[in-house]
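Novice: Just to be clear, the model below is a prediction. Sequence and coordinates:
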Amino acid sequence: MHSLSTYATPTDNDRSASNLLRSGGLWALAAALTALALLPLPDFWIIQLNYIGIYVLPVLGLVLLTGVCGLTSFGQAAFVGVGAYTSAYLTTQLGLSPWFTLWMGLGLTTASATLIGAITLRMSGHYLPLATMAWALALYYLLGNLDALGKYDGILSVPGLSLFGLDLGKLRLFYALVWALALLACVAVVRLLNSRTGRAIRALAGGTQMAEAMGVDTFRYKVGVFVLAAMLASISGWLFAHFQQTVNPSPFGLKMGIEYLFMAVLGGAAHVWGAAAGAGIVKLLEDQLQVLLPKLIGTSGNYELIVFGILIVLVLKYLPSGLWDAIDRRLPRAPRKQDWAQAPALPMQPKPTTGDVVLDVRAIRKQFGGLVAVNDISFQIRAGQITGLIGPNGAGKSTTFNLVTGVLGLTSGEVLFRGERISGLPSRAIACRGMSRTFQHVKMVPDMTVLENVALGAHLRSGKGALSAMLHWDRAEERQLFAEAERQLRRVGMGAYLHHKAGDLSMGPQRLLEIARALCADPALLLLDEPAAGLRHKEKQELAEVLRTLRAEGMAILLVEHDMGLVMDICDHIVVMEFGTHLMEGTPTEVQQSEKVRAAYLGTEH
Ligand SMILES: Nc1ncnc2c1ncn2[C@@H]1O[C@H](COP(=O)(O)OP(=O)(O)OP(=O)(O)O)[C@@H](O)[C@H]1O
């Protein structure tokens, strides 16, 4: 299996150079920001930098929401408005401390984002962005029409911030506060993305099927990310209100929502540091263009919007992943520091004894309109056996597979897993009971390493959440997860690939990655959907060896496969389907000798 490797394993020197560059980048940014504050810069530039810092927070939210999760939102500015207005209103009307109203703003944002997210995030495709536009507009008009909030004039005389008698309204102190919060948020998001929760979040962009099969409650995670993005926006709104000391609806409307999205896309929507790059470039460019363009053209107007329009088209065409991505790709990539050698093993479920019935499929049926794709199919799978499910194209194998794993609902019949009825359960609930699968078309997170992808398989065997990740309270569990991921990768002969980017693998290692990820879930039943598709002869032999080893260890395996050589070579029992019906079942020899099976494959009458 090692012969498959076409990559050089990074050395310790690469690792330290890369770590220095990457973690050093944060310190370099912090040092540059401090130096800027100490330099005798005109106030104008400090004000600009304050605005950039304020914009970094909502854009960072969009990086999570849009760049990482693939959920496009034009409504981020509305949550900036919720934070700004809550604090402006409560400090001016009730005389509350801004340090208290920050939390009230966050509370209101959390409640409204949870409600809006729960309603809109069920939508997909272009409906979701349209829905975000709708509630962004609704909030804008609400703010502009409420008497209590001063209608379109807004709220004036919002107090500045002070801390222990220190007036944070002074430009350079406010600058320190804004950028301390912005950098803290960036570090928190970096930590989040590099955690159990982060890996689940990163899996969402490729659709929900794989993440659900790993036990991730994808809808809950989407709402969670939406709320987190809104909270970052709310903090930005709080800063904005107390920096400007006045609020009105304009900066929280749809136009600003589009501008935040533009900052994220330009900077690099999938990169945390892209948020800072995007916010900085757009703000500085906007200001310079507002001065330059009227001079060039000879009349005043919002001409910078035309330049931005052209710029976004060019960026989408030539740098679709944003400016930061172009830089990031040139930085050396350091492998994760292997600090899990001593980590205790993750808890394991008790396993069935060899020969026990693990899966009992009873007369399952699936109709798609008038088409009966699976027609009252029954079979059993036992521990320590490889059961093949074969049949010509369109026989109903994948549909059967999806019915068993909970991806599709049954029209009738039932499925028992280890004696428990699982029909009707969602796939994550089935995964939780010890059934794990691979996909006909490999599903993984291409930007994550092989190790990270495989660690996702143990999602249900761990439990640390977003806050633990941000505070680094999840390190012990992370070590356990990576120890398990490495163990499973070595089990399938992928020990040489731990730190490779999954998207760079060829088909053979990709399929083994999926098997290792499925094994990471500690399953009693492994379902493999065409694992040999696209593999070379040697890779197939290696796959067969892996499956034999798993069988010897007592694993129950269901194999849907077209490669008859492989099926006949490794299966103990074979179920044959044709036109959705159960044609026959038996040992490989019985199946090979069956006239009915030959006729089914040759397309003759039987
Ligand atoms: N979502 C769907 N809606 C309508 N028909 C479907 C759907 N999914 C599958 N079918 C139909 O059900 C039948 C069985 O398809 P299925 O993909 O399960 O076959 P298969 O044996 O896995 O085929 P292959 O080996 O080509 O993957 C086919 O006629 C297919 O067109």
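Specialist: Right, received. Where do you want to start?
Novice: dump the residue contacts of Leu285.
Specialist: 304, 307-308 (Cβ atoms under 8 Å, 6 or more residues apart in numbering). Where C-beta positions appear, they are placed from N, C-alpha and C, glycine not excepted.
Novice: Helices - which of those residues land there?
Specialist: Under the assignment DSSP state H, these contribute 304, 307-308 to helices.
Novice: could you flag which of those residues are buried?
Specialist: Buried by 16 or more other Cβ atoms under 10 Å: 304, 308, out of the ones in helices among the contacts of Leu285.
Novice: Where do the domain boundaries of this protein fall?
Specialist: Domain assignment for the chain by automatic domain parsing gives 48-262, 357-434+523-602, 446-508.
Novice: picking that back up, can you list the ones in helices among the contacts of Leu285 in a markdown table and add pLDDT and distance to the ligand?
Specialist: Conversion of the ones in helices among the contacts of Leu285 to a markdown table gives the following (pLDDT from 0 to 100; distance: Cβ to the nearest ligand atom, whole Å):
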| residue | pLDDT | distance to the ligand |
| --- | --- | --- |
| Glu304 | 82 | 48 |
| Val307 | 86 | 47 |
| Phe308 | 84 | 42 |
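Novice: which bits of the stretch 251-400 of the chain sit near the ligand?
Specialist: With Cβ under 6 Å from any ligand atom as the criterion, the stretch 251-400 of the chain comes near the ligand at residues 368, 371, 373, 391, 393-399.
Novice: most surrounded residue in those?
Specialist: Highest neighbour count within these: Lys397, with 26 neighbours (other Cβ atoms under 10 Å).
Novice: Now do the contacts for the closest residue to Val189 other than its chain neighbours.
Specialist: Excluding its sequence neighbours, the residue lying closest to Val189 (Cβ to Cβ, 6 or more residues apart in numbering) is Val272, at 5.2 Å. Listed by Cβ under 8 Å, 6+ apart, the contact partners of Val272 are 60, 63, 186, 189-190, 193.
Novice: For Gly154, state which of those is nearest.
Specialist: Relative to Gly154, the closest of the contacts of Val272 is Leu60; by Cβ to Cβ it sits at 25.4 Å.
Novice: quick one: contacts for that closest one?
Specialist: 182, 185-186, 189, 229, 232, 272, 275.
Novice: ok, now Leu314?
Specialist: Leu314 touches nothing, counting by Cβ under 8 Å, 6+ apart.
Novice: With the one 5 residues further on instead?
Specialist: In this structure, Leu319 makes contact with 325-326, judged by Cβ under 8 Å, 6+ apart.
Novice: For the most centrally placed residue in the chain, report the pLDDT, please.
Specialist: The geometric centre of the chain, computed from its C-alpha atoms, lies nearest to Arg202 (Cα atoms, centre = their mean), at 1.9 Å. For Arg202, the model assigns a pLDDT of 95.
Novice: same question, Ala334
Specialist: 74.
Novice: Which secondary structure state does it sit in?
Specialist: Under DSSP: H, G, I helix; E, B strand; the rest coil, Ala334 falls in the coil class.
Novice: So which residues on this structure come close to the ligand?
Specialist: 368, 371, 373, 391, 393-399.
Novice: from those, which two are the most distant?
Specialist: Phe368 and Gly391 (17.1 Å).
Novice: Can I get stretch 455-462 as PDB, trimmed to CA atoms?
Specialist: Provided in PDB are the C-alpha atoms of stretch 455-462 (Å, rounded to 0.1, in the frame of the first residue of the first chain):
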ATOM      1  CA  ALA A 455     -10.900  11.800  12.600                       C
ATOM      2  CA  LEU A 456     -14.400  13.000  11.400                       C
ATOM      3  CA  GLY A 457     -15.400   9.400  11.500                       C
ATOM      4  CA  ALA A 458     -15.100   9.300  15.300                       C
ATOM      5  CA  HIS A 459     -17.400  12.300  15.700                       C
ATOM      6  CA  LEU A 460     -19.900  10.300  17.700                       C
ATOM      7  CA  ARG A 461     -17.200   8.900  20.000                       C
ATOM      8  CA  SER A 462     -16.200  12.300  21.300                       C
END
